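[1] okay, structure incoming, though there's no sequence with it:
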């Protein structure tokens, strides 16, 4: 393994989402499958802000036209962010997750999947050491009631209705599990991308543009299948993932924690009305965090430290025995205004700023 990939790993680890080192070096094996050596060398010259090829070429000490051609190709591979606006091209370093990995949905191989699944627990563990997360959980529409203090940024329908450009792409987590014969029966086309991100996906031929109504239908079908809405952690999210706890690398890894609620950004938790509960176990079966269990009296019980406030149990209960409640004020969180503020907060928590 050449030094360039080690240098690139360190470079990516300085992004807010991180790219931690492992004893096995699996992170280097991943990079070698994604980047050629010349591409890795050029990625080392990219910053976390958009720049024209000329500025990057000067930093790299290479011909601007050659660099621009390489960067355009790297953008097509999902290795960097390439934006063309008003016939001007700019390029920017891309985080590994959420970022490079998600863009590989059409470039997956069995070896890449195996290496990623070996690596992702290290990545998730490093991310959950910080207070500010990249994703958060919002309740399903059916679980929202008049007693809740629900802001617009916690309403799935409002998030979608506020978008002018929406694209739906295949869920890379369920796709990779399906390729390895470990998939589930949940819908595959469930990743909603908004605004500029949608244009980037569209340019790369990933996913398809849809209307607000189509997006709402996808969300509804996903919820009925037991998928958890997870938008990017800002008041103006750039995406909503609809996630299952069997394939989603985020949910399935935090499910293994003793207290998932402590690391998930959510403002709500589920509560049981014991008098209304019939012990049908629908809530227990659909809970993605195994936060619901049955007492000896066949009454549902919610373990608050495991509940992530998604509201799937409320939607599944036919007897109005389950409801969502606001978390204590000390546990309430207001998402950053936008993704830039999200990453700035993470960078400060990591000591980068």
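    Yes, it's here. Quick caveat, the model's predicted, so the values are computed rather than measured.
[2] output the longest helix belonging to this structure.
    Using DSSP state H to define each element, the chain has its longest helix at helix 110-127.
[3] which residues sit in contact with the residue lying closest to residue 64 once chain neighbours are set aside?
    Of all residues not flanking residue 64 in the chain, residue 57 sits nearest, at 4.1 Å (Cβ to Cβ, 6 or more residues apart in numbering). For glycine as for every other residue, the C-beta is placed from the backbone atoms N, C-alpha and C. With contact taken as Cβ atoms under 8 Å, 6 or more residues apart in numbering, residue 57 is in contact with 63, 64, 66, 67, 68.
[4] ok so, going back, ok now the helix or strand just after the longest helix of the chain, how far from the chain's centre?
    The helix or strand immediately downstream of helix 110-127 is helix 156-161, counting by DSSP states H and E. How far helix 156-161 lies from its chain's middle: 17 Å, per Cα atoms, centre = their mean, to the nearest Å.
[5] same question for stretch 311-326.
    That offset, for stretch 311-326, works out to 25 Å (Cα atoms, centre = their mean).
[6] can you pull the buried residues of it?
    Residues 311, 312, 313, 314, 315, 316, 317, 321, 322, 323, 324, 325 are the ones in stretch 311-326 that count as buried (16 or more other Cβ atoms under 10 Å).
[7] repeat that for stretch 125-145.
    Those buried within stretch 125-145 under the rule 16+ other Cβ under 10 Å are 126-128, 130, 132-141, 143-144.
[8] do me a favour and get the end-to-end distance for it?
    Its first and final residues considered, stretch 125-145 spans 34 Å by Cα to Cα, to the nearest Å.
[9] hang on, the earlier thing: next helix or strand past the helix or strand that contains the residue nearest to residue 64?
    Using DSSP H and E, residue 57 maps to helix 53-60. Counting by DSSP H and E, the next helix or strand C-terminal to helix 53-60 is helix 64-76.
[10] show me the contact partners of stretch 169-188.
    By Cβ under 8 Å, 6+ apart, stretch 169-188 touches 101-102, 104-105, 108, 110, 113-114, 116-117, 189-191, 193, 201, 206-207, 218, 221-222, 225-227, 241-244, 246-249.
[11] coming back round to it: using a markdown table, lay out the contacts of residue 57 together with neighbour count and distance to residue 330.
    Output for the contacts of residue 57, formatted as a markdown table (neighbours: other Cβ atoms under 10 Å; distance: Cβ to Cβ, whole Å):
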| residue | neighbour count | distance to residue 330 |
| --- | --- | --- |
| 63 | 11 | 57 |
| 64 | 15 | 53 |
| 66 | 14 | 55 |
| 67 | 22 | 50 |
| 68 | 18 | 51 |
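[12] tell me which two of these sit farthest apart.
    Within these, 63 and 68 form the most distant pair, 9.1 Å apart (Cβ to Cβ).
[13] low-confidence ranges in the stretch 101-250 of the chain?
    146 (pLDDT under 70).
[14] what about 80?
    Residue ranges of the stretch 101-250 of the chain with pLDDT under 80: 146-148.
[15] quick one, phi/psi of the residue lying farthest from the centre of the chain?
    Distance from the centre of the chain peaks at residue 297, with 38.5 Å (Cα atoms, centre = their mean). Phi and psi for residue 297, reported as degrees, to the nearest 10, are phi -90, psi 10.
[16] tell me how far it lies from residue 319.
    16 Å (Cβ to Cβ, to the nearest Å).
[17] now do the helix or strand residue 340 falls within: distance to the chain's middle.
    In this structure, residue 340 sits in helix 339-349 according to DSSP H and E. Relative to the mean C-alpha coordinate of its chain, helix 339-349 is positioned 16 Å out (Cα atoms, centre = their mean).
[18] could you give the angle of it to helix 110-127?
    Orientation check (axes from the mean of the first three to the mean of the last three Cα atoms, to 10 degrees): helix 339-349 against helix 110-127 gives 70 degrees.
[19] contact partners for residue 194?
    Going by Cβ under 8 Å, 6+ apart, the list of residues near residue 194 reads 163, 165, 166, 167, 237, 238, 239.
[20] apply 7 Å and report the result again.
    Residue 194 makes contact with 163, 165, 166, 237, 238, 239, according to Cβ atoms under 7 Å, 6 or more residues apart in numbering.
[21] now distance to residue 262, secondary structure and neighbour count too, for these, in TSV please.
    Supplementary listing: those in TSV, determined by distance: Cβ to Cβ, whole Å; DSSP: H, G, I helix; E, B strand; the rest coil; neighbours: other Cβ atoms under 10 Å:
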residue	distance to residue 262	secondary structure	neighbour count
163	31	coil	19
165	35	coil	14
166	32	strand	22
237	22	coil	26
238	25	coil	19
239	24	strand	23
